[in-house]
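Engineer: Could you look at this predicted model? Sequence included:
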Amino acid sequence: MKILYSCLSDSWGGMEMYTLTAVKQLLKRNIYVELLCIAESRIHIEANNLGIMIHPIKASGYIHPFSTLKTAALIRNGKYNLIHTQASKDLWIFVPALCLLKSKIPLVLTKQMGSGIAKKDFLHKKIYNRVTKAVAISRTIKDNLLKTVPLTEDKIVLMHNGITIDKFDPAKTDKNKVRNEFDFGYDEIVIGMLARFSRGKGHEEFLYAAKELNKKHKNLKYLIVGEASRGEEDYADSIKKLAADYKLDNLIFAGFRSDTPDVLSAFDIFIFPSHAEAFGIALAEAMAMGLPSVCSNSDGVLDIAVDDETGYLFTTRDGEDLKNKTEKLINSPETRTRFGIAARKRAVEHFDIEKLTDKVVELYNELI
């Protein structure tokens, strides 16, 4: 089986990282995969470091005749069995290219992000009519697809993103490695979040909750992991300024970390305050690490966390409610332990990338 995969994005976030994860999983199964990506993007660099066969192109905006012709030539010469894209924008290259070739090759779209704009005009009908199957990574994304694009329900498959359970295993990490690095005390409770600096990720609510919790608790430390994507540097600076204004001397901005399992193992409580998340891979990873969580009660989070079982859900954008729910975990080590056990169990049962990749391969075989 030979697959042409794509993610024409110059950002570096969950969608881009998951693209490489998915490609690696397919390669492990001896499926030959090549990747179409934006030239000199972060995903181009990272894929190259992994030894993935890359086809870089330049494609800003939606209409790009030269890149369409180049892609058509790639498809013609590559003799692929199937095309799979992680970004709906890529359809504007693939569909014209396939039309030029009069090719009937299956075209699969994984929808990683929702849209607030209805796209059911003539052009979008032509584009989406060529999609063979659309994979929705959560129920909220499935509903969004039905609402915003001209796809019928029979063309949509619900399939969550997966995580590497063996990698995110608390039994295989050293809890003290990162705690010692940042000089966290044995009796201190470490509360953390992992997210790139982007509006809507909930950094403001996290900082507000930290400020309020510090008024009553003296044994807390906070760790924020993540970096700003291109164009988001000003927002990252504003969050760091807000932390300084709140006098959060017990908070550390750790920047980008590649040792995510070790970082998570240092946490006692994981916070996921995103305003609107299609899925939330970082939350699934934290649950696999056996962490109790406090999460916003919206969108794709509801496919992952279970209120009062794996963690607490708080009202989205409500920093006071986030503070209150976090304090319940601070005050109850027993609840933290109970939630952590249930979280690990749920992650293993529902988000194991090996099982989910098996389902993807089954879909490929059906379509081919």
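Structural biologist: Done, it's in.
Engineer: Next, give phi and psi for the residue nearest to His44 when sequence neighbours are not counted.
Structural biologist: Spatial nearest neighbour of His44, chain neighbours left out: Cys37 (4.9 Å); criterion: Cβ to Cβ, 6 or more residues apart in numbering. All C-beta spots, glycine's among them, are computed from the backbone N, C-alpha and C. According to degrees, to the nearest 10, the main-chain angles of Cys37 amount to phi -150, psi 170.
Engineer: Likewise for Tyr312?
Structural biologist: For Tyr312, the backbone dihedrals (degrees, to the nearest 10) come out as phi -110, psi 140.
Engineer: Contacts only, for the residue nearest to it when sequence neighbours are not counted.
Structural biologist: For Tyr312, ignoring the flanking residues on the chain, the nearest one in space by Cβ to Cβ, 6+ apart is Lys325 at 4.0 Å. Contacts for Lys325 were tallied using Cβ atoms under 8 Å, 6 or more residues apart in numbering; they are 294, 312-314.
Engineer: Break this structure down into its structural domains.
Structural biologist: Here the domain assignment for the chain is 2-162+352-367, 170-350, based on automatic domain parsing.
Engineer: Reformat the ones you listed as TSV; add mean pLDDT.
Structural biologist: Putting the domains of the chain into TSV (pLDDT from 0 to 100) gives the following:
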stretch	mean pLDDT
domain 2-162+352-367	94
domain 170-350	96
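Engineer: All the strands of the stretch 1-150 of the chain, in order from the start?
Structural biologist: Along the stretch 1-150 of the chain, the stretches classed as strands by DSSP state E, counting those that start in this stretch are 2-7, 32-38, 53-57, 82-85, 107-111, 133-136.
Engineer: Regarding the chain, what is its longest helix?
Structural biologist: For the chain, the helix with the greatest residue count under DSSP state H is helix 333-350.
Engineer: That one: how far from the chain's middle?
Structural biologist: Here helix 333-350 shows a centroid-to-chain-centroid distance of 21 Å under the convention Cα atoms, centre = their mean, to the nearest Å.
Engineer: next one: stretch 95-103
Structural biologist: Here stretch 95-103 is found 31 Å from its chain centre; the criterion is Cα atoms, centre = their mean.
Engineer: Residues contacting that stretch, please?
Structural biologist: With Cβ under 8 Å, 6+ apart as the test, stretch 95-103 has contacts from 68-69, 71-72, 75-76, 83, 105, 107, 126-127, 130.
Engineer: I'd say the residue nearest to His44 and Lys58 touch.
Structural biologist: No. With contact defined as Cβ atoms under 8 Å, Cys37 and Lys58 do not form a contacting pair (10.7 Å).
Engineer: okay, the longest helix of the chain in CSV with CA atoms only?
Structural biologist: Below are the C-alpha coordinates for helix 333-350, written out as CSV (Å, rounded to 0.1, in the frame of the first residue of the first chain):
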residue,chain,number,x,y,z
PRO,A,333,-4.9,13.4,47.8
GLU,A,334,-7.4,10.5,47.8
THR,A,335,-9.4,12.0,45.0
ARG,A,336,-6.3,12.8,43.0
THR,A,337,-5.3,9.1,43.2
ARG,A,338,-8.7,7.8,42.3
PHE,A,339,-9.1,10.1,39.3
GLY,A,340,-5.5,9.3,38.2
ILE,A,341,-6.2,5.5,38.1
ALA,A,342,-9.5,6.0,36.2
ALA,A,343,-7.8,8.4,33.8
ARG,A,344,-5.0,6.0,32.9
LYS,A,345,-7.6,3.2,32.4
ARG,A,346,-9.7,5.3,30.1
ALA,A,347,-6.7,6.4,28.0
VAL,A,348,-5.6,2.9,27.5
GLU,A,349,-9.0,1.7,26.5
HIS,A,350,-10.0,4.5,24.2
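Engineer: For it, which helices and strands make contact with it?
Structural biologist: Applying 3 or more Cβ pairs under 8 Å, 6 or more residues apart in numbering; DSSP states H and E, one finds that helix 333-350 makes contact with helix 281-288, helix 319-330.
Engineer: out of the ones you listed, deepest packed?
Structural biologist: Looking across the helices and strands packed on helix 333-350 with neighbours counted as mean count of other Cβ atoms under 10 Å, the highest average goes to helix 281-288: a mean of 28.
Engineer: Would you list the strands that the helix or strand following it pairs with, along with their directions?
Structural biologist: The first helix or strand that comes after helix 281-288 along the chain, using DSSP states H and E, is strand 293-296. With DSSP bridges as the criterion, the sheet partners recorded for strand 293-296 are strand 269-272 (parallel), strand 311-314 (parallel).
Engineer: Pick the most deeply packed of those strands.
Structural biologist: Of all the strands paired with strand 293-296, strand 269-272 carries the top mean neighbour count, a mean of 27, counting by mean count of other Cβ under 10 Å.
Engineer: which residues sit against that one?
Structural biologist: 189-193, 202, 206, 209, 264, 280, 282-283, 286, 291-296, 301, 305, 311, 322, 326, 329-330, 336.
Engineer: Let me see the contact set for the residue nearest to His44.
Structural biologist: Neighbouring residues of Cys37 by Cβ under 8 Å, 6+ apart: 6-9, 43-44, 47, 54-57.
Engineer: can I get those in a markdown table with distance to Lys241 and neighbour count?
Structural biologist: What follows is the contacts of Cys37, written out as a markdown table (distance: Cβ to Cβ, whole Å; neighbours: other Cβ atoms under 10 Å):
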| residue | distance to Lys241 | neighbour count |
| --- | --- | --- |
| Ser6 | 38 | 25 |
| Cys7 | 33 | 29 |
| Leu8 | 34 | 25 |
| Ser9 | 28 | 21 |
| Ile43 | 30 | 25 |
| His44 | 33 | 20 |
| Ala47 | 35 | 24 |
| Ile54 | 39 | 16 |
| His55 | 42 | 17 |
| Pro56 | 37 | 17 |
| Ile57 | 38 | 19 |
